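Visitor: Output the structure for:
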Amino acid sequence: MERVRLIDSLRGFSLFGILLANMLIFQYGMFGKDEISYFSLSDLDTGAYNFIKIVVEGSFMPIFTFLFGYSLIKLVESLRKKDVRVRWHLVRRFLLLMVLGLLHSIYIWEGDILFFYGLMGFFLLLFINRKVKTLIIWGAVLFLLTSAMSYGVLEETKEEAEKLSTYINKTNDIYTNGTYSEVSYHRNNEMPPLIEDKFFLIFVMILAPFVTAPLFLFGMAAAKVNLFTRPSSEQKRYKIGVVLLPIGIALKGASVLLQENAWSGILLNVGAQLLSVGYISLFALLFVAFAYSKVFLAFESVGKLSLTNYIMQSVICTTIFYGYGLGLFGDLGMLNSIILGLVIFALQCVCSSLYLKKIRRGPLEIILRIGTNFSWNGAVRKRKASLKKSKKIELENTLA
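Guide: Have a look, this model is predicted:
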């Protein structure tokens with residue numbers, strides 16, 4: 001099916017952008033990446049850094065978010081056709097994502113998104129039966145409200161700045177020279193100043209679902225209207241979406257390159273979301289023309305193994321940058337890290353293509369499927385009543 005191939009390819013494309021964006025965190029830390037003055041970047045690396053901040057960071061994760069909402073609705077439709085308890089399947093899936101996310105963040109890397117996606121799934125259960133119009137209205141309202149909340153400049157006290165500086169310097173030292181146990185202890189036990197504030201942490205946890213909800217909801221709406229089902233006949237829609245590309249880049253560019261002001265947060269948030277939609281539209285448009293090119297087939301292979309490839313990116317990059325591996329934390333340079341990201345993703349394309357020739361699903365995809373369907377072979381188990389009904393119909397057809 002064209003829809004399945006396009007969605008898998010788009011998922012692979014989003015993983016590529018997520019890897020490039022995460023290179024900032026792998027090399028400079030979760031909080032160091034936004035305090036780049038602590039690192040001595042050359043003019044070339046500064047340009048590469050600004051490129052990632054404007055063109056990549058914050059605009060590929062929403063693509064993955066959109067696809068999560070889209071795939072959720074398609075999964076619901078599939079489960080309903082098989083006459084099973086949809087919500088129980090989804091609850092198991094979301095819980096398993098949260099478990100995988102916890103293991104990922106505790107033992108590998110703090111930049112995990114799986115736990116949040118699993119948690120977000122429970123929030124989205126409120127919307128799986130809503131009409132398309134309702135989903136779009138909720139998404140638009142939340143988008144406007146959360147964007148408006150970005151207005152203003154967060155003033156940092158001298159004490160907070162000193163604490164952050166101490167934390168970043170300590171992180172740099174441990175991540176560059178530390179053993180696995182030292183890095184793990186720092187990641188799981190030592191928190192930056194803002195995270196130490198319990199009230200701020202609670203506020204962020206409450207606000208996070210509403211900030212990220214728009215693209216989830218828009219993805220669900222797109223699935224309900226069967227967008228991407230026939231890419232060739234939907235090109236006009238894609239061309240409209242592509243218009244958002246220059247608008248998104250302009251807004252993000254203004255936020256990153258101009259002096260920080262009260263509007264910077266709004267420009268960044270709105271620009272990032274619009275750019276995401278622009279990327280989705282452009283990718284879909286190109287897919288129509290080059291669906292069977294090597295590039296799109298490579299994206300498709302990575303996308304089919306998205307969960308496994310996402311975790312492998314963390315394993316590979318932490319081994320390269322952290323002290324228990326090559327210890328290149330903060331030293332590789334931004335331009336070189338982009339090149340490294342391209343090499344890693346290219347290897348994932350090759351390995352994914354070869355793997356899929358032998359096995360249909362990745363190891364983590366198999367685990368998620370087993371947990372979701374609660375069966376060792378990963379197949380959906382029908383309810384007993386449904387089985388009896390099916391056998392009765394089959395017997396009646398046989399006798400007839």
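
Visitor: From Tyr117, how far off is the residue lying closest to Ser375 once chain neighbours are set aside?
Guide: Of all residues not flanking Ser375 in the chain, Arg381 sits nearest, at 5.1 Å (C-beta to C-beta, 6 or more residues apart in numbering). Where you see a C-beta, it was placed from the backbone N, CA and C, and this is true even at glycine. Arg381 sits 25 Å away from Tyr117, taking C-beta to C-beta, to the nearest Å as the criterion.

Visitor: higher neighbour count, these two?
Guide: Tyr117 (20 against 14; other C-beta atoms under 10 Å).

Visitor: which residues does that one contact?
Guide: Contacts of Tyr117 were listed using C-beta atoms under 8 Å, 6 or more residues apart in numbering, and they are Phe68, Leu97, Gly101.

Visitor: Near the first one, how many other residues are there?
Guide: The reference is to Phe68. Count around Phe68 with other C-beta under 10 Å applied: 21.

Visitor: Then the second one?
Guide: The criterion is other C-beta under 10 Å. On that basis, Leu97 has 24 neighbouring residues.

Visitor: OK, contacts around the residue nearest to it when sequence neighbours are not counted?
Guide: Computed as C-beta to C-beta, 6+ apart, the closest residue to Leu97 that is not its neighbour in sequence is Gly118, at 3.2 Å. For Gly118, the contacting residues are Arg93, Phe94, Leu95, Leu96, Leu97, Met98, Val99, Leu100, Gly101, by C-beta under 8 Å, 6+ apart.

Visitor: Show me the residues you listed that map onto strands.
Guide: Among the contacts of Gly118, DSSP state E puts none in strands.

Visitor: From those residues, pick the one nearest Phe64.
Guide: Nearest to Phe64 among the contacts of Gly118: Leu97, at 12.9 Å, using C-beta to C-beta.

Visitor: Relative to Leu215, how far out is the closest one?
Guide: For Leu97, the distance to Leu215 - C-beta to C-beta - is 17 Å.

Visitor: Helix or strand for Phe299, just tell me which one.
Guide: helix 294-304 (DSSP states H and E).

Visitor: again but with Leu227, I slipped
Guide: With DSSP H and E as the test, Leu227 turns up in no helix or strand.

Visitor: For it, grab phi and psi.
Guide: Backbone torsions of Leu227, given as degrees, to the nearest 10, read phi -60, psi 150.

Visitor: residues near it, how many?
Guide: So Leu227, with other C-beta under 10 Å, has 20 neighbours.

Visitor: Now do it against Tyr70, distance only.
Guide: Distance, Leu227 to Tyr70, using C-beta to C-beta: 8 Å.

Visitor: just Ser264 next, same as before
Guide: Relative to Tyr70, and taking C-beta to C-beta, Ser264 is found at 31 Å.

Visitor: more crowded one of these two?
Guide: A count of neighbours by other C-beta under 10 Å puts Tyr70 above the other of Ser264 and Tyr70, at 25 against 18.

Visitor: wait, that one sits on Lys224?
Guide: No: the pair Tyr70 and Lys224 fails to qualify as a contact (C-beta atoms under 8 Å) at a distance of 9.4 Å.

Visitor: so what's the residue nearest to Ile168 when sequence neighbours are not counted scoring on pLDDT?
Guide: Among residues not flanking Ile168 along the chain, Gly32 sits closest, at 4.9 Å (C-beta to C-beta, 6+ apart). On the pLDDT scale, Gly32 is placed at 92.

Visitor: Repeat that for the one 4 residues further on.
Guide: Each residue has a pLDDT score; the one for Ile36 is 91.
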